[in-house]
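**Student:** This is a predicted model, with the sequence first.
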Amino acid sequence: MKHLLTLDKLPRADLETLLDRAQAFADGAQAPQALSGIAVCTLFFEPSTRTRLSFQLAAQRLGAHVLGFDASTSSATKGETDLDTFRTIEAMGVRGFVVRHKVDGAVEALAEAAKPGVALLNAGDGRSAHPTQGLLDMLTLRQAKGRDFSKLKVLIVGDVKHSRVARSDLHALRTLGAGEIRVCGPQSLLPDDGTLQGCTVTQDFDAALDGVDAVMMLRIQRERMEDGLIASLDEYHRDYGLTAARLRRAAPDAVVMHPGPMNRGVEITDEVADGPQSLVLRQVANGVSVRMAALEALLAR
Amino acid sequence: MKHLLTLDKLPRADLETLLDRAQAFADGAQAPQALSGIAVCTLFFEPSTRTRLSFQLAAQRLGAHVLGFDASTSSATKGETDLDTFRTIEAMGVRGFVVRHKVDGAVEALAEAAKPGVALLNAGDGRSAHPTQGLLDMLTLRQAKGRDFSKLKVLIVGDVKHSRVARSDLHALRTLGAGEIRVCGPQSLLPDDGTLQGCTVTQDFDAALDGVDAVMMLRIQRERMEDGLIASLDEYHRDYGLTAARLRRAAPDAVVMHPGPMNRGVEITDEVADGPQSLVLRQVANGVSVRMAALEALLAR
Amino acid sequence: MKHLLTLDKLPRADLETLLDRAQAFADGAQAPQALSGIAVCTLFFEPSTRTRLSFQLAAQRLGAHVLGFDASTSSATKGETDLDTFRTIEAMGVRGFVVRHKVDGAVEALAEAAKPGVALLNAGDGRSAHPTQGLLDMLTLRQAKGRDFSKLKVLIVGDVKHSRVARSDLHALRTLGAGEIRVCGPQSLLPDDGTLQGCTVTQDFDAALDGVDAVMMLRIQRERMEDGLIASLDEYHRDYGLTAARLRRAAPDAVVMHPGPMNRGVEITDEVADGPQSLVLRQVANGVSVRMAALEALLAR
């Protein structure tokens, strides 16, 4: 593995190796010298404080020097191309790049230009992929439900069409052999391009919840209302908001996940977000472990 | 001590222990491994570069990993609640939080939600408290005037009503048994809520200066003019600006303090700010030592 | 050497000592403890991500604690003077300051106020000086053409009038005894103040290129068009853009340099920027080595 751009073609063995190492970090393993003397840059063409902090913390725990470059600030790059920005920081001797970009495929394009020995980690590109989010979701699911996913019924709910989180989750769930993948959301927010191949798709949230072991909620962007893709947040909440009452349709020990930040009162209620079945904060914690595993796998000598 | 939120109820022994340790750091003591492997986040819901840098430097000198989160930048949190922002970073494994917030009590509210082993340091909330500023002011005063405050006459001048610095100074001066605390400022900028209990209060700056050992000037915010609380900065300077001529009314060896940043020519003249009685830069230096002591006390194993 | 403010009066021996040490770092020398426990602040009154990152990386590789202060963000300093901002951070115990400022001489003014033991590195002031850029350009030239500059013909092209890069290059090229220095650009962008003393000056780019060993392109700022100093970027490109065809007028082994960020298609074409004679990325790499050498020379015990 040279880069971590997507979970799409990642073989099951590689994915499980990453999860095993991440679990070791979650259990307290340390490697404070693993990236000693190695510089890692968080290069964000689209801002995201949470993901940036999580990667920064992971890199620091491995002993790396961490640099931040918020390329979304206009003056930063004075009109130079993204490729020149990347090559410039690469020329400084930075070995690891954590890159977020609003354009699909932009991170992969930079990775193709990278010198040997330089590794890119996709921290989210367009609606395509967010592989470390997919990995942390799998780690969280595995901790809650065990390593055998073949009997699991997993439901993904919301704006799958625009969600790189959903795509990376789908890639990983398929690779790990999830028993059943259900997808639920308003027709306008479901992709029609093969993304959902093999999934059970419905617009009926109540029906979709029936007996599932895990509910993965997605964040609804306010912009979808402005785009006319949903009528209102109220209506969205009525049809696709996860309430305690609705959650009772799932298996009694079903777990609830959300990539954050949550729109409380819209896609999820306080009662569910803070309830005993919520793994939202566990996901965040696992994020650091998964990113440590990925950085180590790509960059440690 | 689990958190450092206010000096209000801090027992004298605890306060003096912190000051003693801060003095040791000021004298050159080092503890470069004290927070080794521990992550500290400066979580600022209201921007402040000076205070953030001072805490960052203190944490780095103790070997911590330091993360910065400027939550005042709107896109950072995408509308999630402050509590969710805090809990998210806490879930990443961050152990120390240096928090500034414009709302009174907001830092305390987050502290109440913190997990065991996680410590919050209030870097200023609303007009309530700025405990490390109070500590550094006491350390500065102690260096200049000795440990026995019982004979000291201390004067606080300016916008006490809106000042968390003044409140933390008042808390600490009382705890340390200052001989006399005088407070001076325009009526519109003096609190009428019990804050000044036990203080000698006046609007006459010249009279207030008579024979004092220390003058603690406060920064006047330009907004007070817009709020109609002061007529103009010129008039404020005429009535409450500390000039060299005025300073001669104080004791000959009186010291002058200011939390910065200074409005030169308004609450203080260049001659005084840069004069031999000014301890302004000593305060800044002591700020790092005090913050090292506080971080160590709360977070070192 | 107490500070690094300009290359103007730097003796040749000092300049070559810095270049030799930078070359050692470029060749893989390490000094991870050289600045251990020392704090370095990048204090930028004018934003520049590239230069800031390069200095940050250099300081980290020497083991320094690095702090960033973007003083161009208005709220940061709340109207205090630059000198107070500097003195405040200095009082915190920061030993090294990497300062950029849009006003000529502003960095020197701060250096004059600095305490003993505190070192300033000019990261660019006004149009006056950018000494580490001058150093890295010399290192790059030396790697390509050898240490003896006496036979070299070097051409500097573009907006020399407003360029601190050009001034620092001119200082260094003279000190190192460059054989011939040619300067070329539109009359409106050439200085008339003695800067070009001893240079061969022309407005004819094609003639200027004849037989040169190195072409140092400068970035053209869009603002020059708004100022009326150039008619259009198209016309600028026609007259002063370096194309592959034009480059054939130079010596066959001539090298091409540019301080970045490049305006591709304006002062330089893709073919040249990415061609075999371009040393643009080598310059960036050398920047880190040169800054390590300068920081070490000024701050290591």
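**Tutor:** Received, thanks. All values reported here derive from a predicted model rather than from experimental measurement.
**Student:** CA only for contacts and neighbour counts going forward, please
**Tutor:** Fine.
**Student:** where does chain A dip in pLDDT?
**Tutor:** Scanning chain A for pLDDT under 70 picks out A:73-78.
**Student:** Pick out the residue in it sitting closest to chain B.
**Tutor:** A:Ala285 (4.7 Å; Cα to the nearest Cα).
**Student:** Counting neighbours, what do you get for that residue?
**Tutor:** 21 (other Cα atoms under 10 Å in any protein chain shown).
**Student:** Need the CA coordinates for the helix or strand encompassing it. CSV is fine.
**Tutor:** Per DSSP states H and E, A:Ala285 falls inside helix A:280-299. Extracted C-alpha coordinates of helix A:280-299, given in CSV (Å, rounded to 0.1, in the frame of the first residue of the first chain):
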residue,chain,number,x,y,z
VAL,A,280,-20.8,8.4,18.3
LEU,A,281,-18.0,9.3,20.7
ARG,A,282,-16.5,5.8,20.4
GLN,A,283,-16.2,6.5,16.6
VAL,A,284,-14.3,9.7,17.3
ALA,A,285,-11.9,7.8,19.6
ASN,A,286,-11.4,5.1,17.1
GLY,A,287,-10.7,7.7,14.5
VAL,A,288,-7.3,8.5,16.1
SER,A,289,-6.4,4.8,16.4
VAL,A,290,-7.3,4.1,12.8
ARG,A,291,-5.3,7.1,11.6
MET,A,292,-2.3,6.1,13.6
ALA,A,293,-2.5,2.6,12.0
ALA,A,294,-2.7,4.1,8.5
LEU,A,295,0.1,6.7,9.0
GLU,A,296,2.3,4.0,10.5
ALA,A,297,1.6,1.5,7.7
LEU,A,298,2.4,4.1,5.0
LEU,A,299,5.3,6.0,6.5
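**Student:** what's the offset of it from the middle of its chain?
**Tutor:** Helix A:280-299 sits 11 Å away from the centroid of its parent chain (Cα atoms, centre = their mean, to the nearest Å).
**Student:** One more: stretch A:291-301?
**Tutor:** With Cα atoms, centre = their mean, you get 17 Å for stretch A:291-301.
**Student:** Please list the residues outside that stretch that contact it.
**Tutor:** A:1-4, A:18-19, A:21-22, A:25, A:34-35, A:54-55, A:58-59, A:61-62, A:95-96, A:119, A:132 (Cα atoms under 8 Å, 6 or more residues apart in numbering or on different chains).
**Student:** In it, which residues are buried?
**Tutor:** A:291-299 (16 or more other Cα atoms under 10 Å in any protein chain shown).
**Student:** Check stretch A:49-56 too.
**Tutor:** By 16+ other Cα under 10 Å, the buried positions in stretch A:49-56 come out as A:49-56.
**Student:** ok now do the closest residue to A:Val165 other than its chain neighbours, which residues does it touch?
**Tutor:** Spatial nearest neighbour of A:Val165, chain neighbours left out: A:His130 (5.5 Å); criterion: Cα to Cα, 6 or more residues apart in numbering or on different chains. Taking Cα under 8 Å, 6+ apart, we find A:His130 in contact with A:5-6, A:122-124, A:164-165, A:167-168.
**Student:** among those residues, which are in strands?
**Tutor:** Using DSSP state E, the members of the contacts of A:His130 that fall within strands are A:122-124.
**Student:** neighbour-wise, which of those leads?
**Tutor:** Neighbour max across the ones in strands among the contacts of A:His130 (other Cα under 10 Å) = A:Gly124, 32 neighbours.
**Student:** Can you tell me how far that one is from A:Arg164?
**Tutor:** 7 Å (Cα to Cα, to the nearest Å).
**Student:** Perfect, I'm done here.
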